[in-house]
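Novice: dropping the sequence and predicted coords here.
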Amino acid sequence: MEWIKSLNQAIEYMEDNITKNITCEDVAEHIYLSSFHFQRTFRLFTGLSVGEYIRNRRLSLAGNELLTSKHKVIDIALKYGYETPESFSKAFNRFHGVTPNEAKKQGTVLKSFNRLLIKIILEGGNSMDYRIEKKEAFQVVAKTRLFTEDTTKTEIPKFWEEYYRNGFEDKVCGMMGICEQIKVNSKEWKYGIGCEKQYVKEMPEGFELLEVPSYTWAIFTCIGAMPDSIQNLWKRVYGEWLPVANYELISDYDIEFYTDGDNSKEDYVSEIWIPVKEKE
């Protein structure tokens, strides 16, 4: 249950520093997790990016303060991290549906976004097929692009559409979606589409060779139509398997492996690979 404890510690840290200029890296460092794993885990458990959570909490608190205090709009804007009244007003209106000045009037309806408390509710009966497999180092030829946690959900599917639209599949089959986790002092991480080098005759221009070290992998079988089935499996891996497993994640590559076939069918088979080591 270390994941749950760490996430609640992260939320506590964000709440204690909600008016300060904190970053995802600051929060991850506070709970001794890699920035990548923290951001991914937070989104899978909450459905929000870390940035969305902090922004929503600030705007919720700002709305309550406008309604219940006599502080000026500019003072509240600065308190919650907005450099100008204009930027604050735009964000506030998008969140609450009214302007900051309207929010000061009695009777104005505002939105409330309460702080989170993450719990695990154990529900029985659902099986999860996985195997633990040692693999030697291998190379992946991939078309890569940088993403942030705020852009991953919408931009990676577009990346796949672009990959097929541009005919890259004819040069390097899209057998793998491979993620290289965030490096130190970077808010971006690399995602690639491709396959193992042994299946590529010639390295196409614009592709990259990724070196995947020898690891022990936890490999989870996914059956169902894309992308919902594999997105749901990621939630289960982090929410059900990792909290109770005798393994912990290694901060390096993880892979989605796609088989031949129609990925819109309910019997389509894919896999999630994550590098792990036994807990000490």
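Specialist: That came through fine. In this text the structure is predicted, and so the values were computed from the model without any measurement.
Novice: name the helices or strands packed onto the worst-scoring helix or strand of the chain on mean pLDDT?
Specialist: Least confident helix or strand of the chain, by mean pLDDT, DSSP states H and E, is helix 35-46 with a mean of 86. The contact analysis (3 or more CB pairs under 8 Å, 6 or more residues apart in numbering; DSSP states H and E) places helix 35-46 against helix 2-16, helix 24-30, helix 50-68, helix 228-236. Where you see a C-beta, it was placed from the backbone N, CA and C, and this is true even at glycine.
Novice: contacting residues for the closest residue to Val50 other than its chain neighbours?
Specialist: Take Val50 and drop its neighbours on the chain: the residue closest to it by CB to CB, 6 or more residues apart in numbering is Cys24, 4.7 Å away. By CB atoms under 8 Å, 6 or more residues apart in numbering, the contact list for Cys24 reads Ser35, Phe38, Gln39, Val50, Gly51, Glu149, Lys187.
Novice: just to revisit the earlier point, Glu83 is nearest to which of the helices and strands packed on helix 35-46?
Specialist: Glu83 sits nearest to helix 50-68 of all these, at 13.5 Å, using CB to CB.
Novice: for that closest one, which positions count as buried?
Specialist: Within helix 50-68, the residues scored as buried using 16 or more other CB atoms under 10 Å are 50, 52-63, 65-66.
Novice: now, which of those sits nearest Ala77?
Specialist: The shortest gap between Ala77 and any of those belongs to Ala62, at 7.7 Å (CB to CB).
Novice: am I right that Ser270 is in a strand?
Specialist: Yes: counting by DSSP: H, G, I helix; E, B strand; the rest coil, Ser270 is part of a strand.
Novice: ok, Gly261 - how many residues close by?
Specialist: 11 (other CB atoms under 10 Å).
Novice: just give the closest residue to it, not the sequence neighbours.
Specialist: Closest to Gly261 by CB to CB, 6+ apart is Tyr268, at 5.6 Å.
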